[in-house]
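Q: Build the 3D model from these lines:
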Amino acid sequence: MCIANRARTVVPLLLAIVLFAGIPAFAQVDFTGMWAPRVGDEDNPERIPGPSLVEFLGIPINDYARQWGLAYRPGRLSLPEHQCQVHVVEYIHRGPLQVRMWEERDPVTHQLIAIHEYISTYEQKRTIWMDGRPHPSEYAPHTWMGFSTTSSSTGT
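A: This is a model prediction of the structure:
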């Protein structure tokens with residue numbers, strides 16, 4: 001009887017260990033590599049036009065960003081001086097483009113310093129700094145892709 005009781009306890013425990021050992025641990029997702037947009041998605045008819053103008057629902061913006069959004073006039077894209085202007089982030093990934101992403105790591109500690117993104121359309125380059133550095137001053141030169149910072153340890 002003692003062996004049967006132990007078997008009832010040990011067998012389910014071993015089975016659980018075998019089953020859960022095959023489940024991957026919660027880890028960071030690796031986005032590095034070459035990417036291309038999905039064309040022909042079932043959501044395209046509803047989402048291709050993009051968000052409605054002045055639709056800020058669920059977007060945490062401040063008064064300055066709201067004022068900037070309200071001042072936007074779509075007709076300005078037809079002006080010659082704006083025809084080669086880079087699209088805003090909501091639209092930059094919608095089109096014939098290739099995206100390449102790669103990591104930059106410290107050569108000694110192998111800590112993640114930055115994630116780089118290259119978009120073939122408009123030859124855009126973006127760096128997402130992961131080492132917790134502060135944002136540059138508002139008077140520093142900025143790119144169309146902006147300045148992105150976060151911390152790989154906190155994920156913020």
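Q: So which residue is smack in the middle of the protein?
A: With distances taken as CA atoms, centre = their mean, residue 31 lies nearest the centre of the chain, 8.6 Å away.
Q: what residues are up against that residue?
A: Residues in contact with residue 31, defined by CB atoms under 8 Å, 6 or more residues apart in numbering, are 101, 115. From N, CA and C alone the C-beta is placed, and that goes for glycine too.
Q: try 7 Å this time
A: The neighbourhood of residue 31, defined by CB atoms under 7 Å, 6 or more residues apart in numbering, consists of residue 101.
Q: Same check on the one 4 residues further on?
A: Residue 35 makes contact with 99, 101, according to CB under 7 Å, 6+ apart.
Q: where does the top helix by length along the chain sit relative to the chain's centre, distance-wise?
A: If each helix of the chain is counted by residues according to DSSP state H, the longest one is helix 2-21. Averaging C-alpha coordinates over helix 2-21 and over its chain gives two centres that are 43 Å apart (CA atoms, centre = their mean, to the nearest Å).
Q: Name the next helix or strand downstream of it, please.
A: Toward the C-terminus, helix 2-21 is succeeded by strand 33-35 as the next helix or strand (DSSP states H and E).
Q: Within its sheet, name the partner strands of that following strand and how each one runs.
A: Under the criterion DSSP bridges, strand 33-35 sits next to strand 99-105 (antiparallel) in its sheet.
Q: Would you pull up how far the strand it pairs with lies from the middle of the chain?
A: Taking CA atoms, centre = their mean, one finds strand 99-105 lying 12 Å from the centre of the chain it belongs to.
Q: The protein: helices as residue ranges?
A: Defined through DSSP H, the helices belonging to the chain, from first to last, are 2-21, 44-47, 63-70, 89-92.
Q: surely residue 136 meets residue 146?
A: No. Under the criterion of CB atoms under 7 Å, residue 136 makes no contact with residue 146, lying 10.6 Å away.
Q: give me the low-pLDDT residue ranges for this structure?
A: Counting by pLDDT under 70, the chain shows low-confidence ranges at 1-5, 7, 21-28, 38-53, 87-96, 151-156.
Q: redo that, cut-off 80
A: For the chain, the stretches with pLDDT under 80 are 1-29, 36-59, 72-78, 82-97, 121-122, 142-147, 151-156.
Q: before we move on, the earlier item: any idea how far the residue nearest to the centre of the chain is from residue 101?
A: Distance, residue 31 to residue 101, by CB to CB, to the nearest Å: 5 Å.
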